[in-house]
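>>> 3D, please:
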Amino acid sequence: MLHHTRDNLVMVRAALDRASAGAAWASREGV
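The predicted structure is shown next:
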């Protein structure tokens, strides 16, 4: 159970990193 939760946290963090990177790219592109 604990390991499964940790895997979910890793996926959530990866998704947040991707979203923040996309937002930074969009702001840099002036979209």
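>>> Which of the helices or strands spans residue 7?
helix 2-29 (DSSP states H and E).
>>> buried set for that helix?
Of the residues in helix 2-29, none count as buried by neighbour count, 16 or more other CB atoms under 10 Å. C-beta: built from backbone N, CA, C; applies to glycine.
>>> Tell me the pLDDT of the most centrally placed residue in the chain.
Central residue of the chain (CA atoms, centre = their mean): residue 16, 2.0 Å from the mean position. Residue 16 is assigned 96 on the pLDDT scale.
>>> who's in contact with it?
If you count contacts by CB atoms under 8 Å, 6 or more residues apart in numbering, residue 16 has none.
>>> Against residue 4, how distant is it?
Per CB to CB, to the nearest Å, residue 16 is found 19 Å from residue 4.
>>> One more: residue 19?
For residue 19, the distance to residue 4 (CB to CB) stands at 23 Å.
>>> just residue 29 next, same as before
Distance of residue 29 to residue 4, given as CB to CB: 37 Å.
>>> how close does the residue nearest to the centre of the chain get to residue 10?
11 Å.
>>> cool, residue 4 as well?
The gap separating residue 4 from residue 10 is 11 Å, by CB to CB.
>>> Please identify every residue contacting each of those two.
The overlap between the contact sets of residue 4 and residue 10 (CB under 8 Å, 6+ apart) is empty.
>>> Cool, thanks, signing off.
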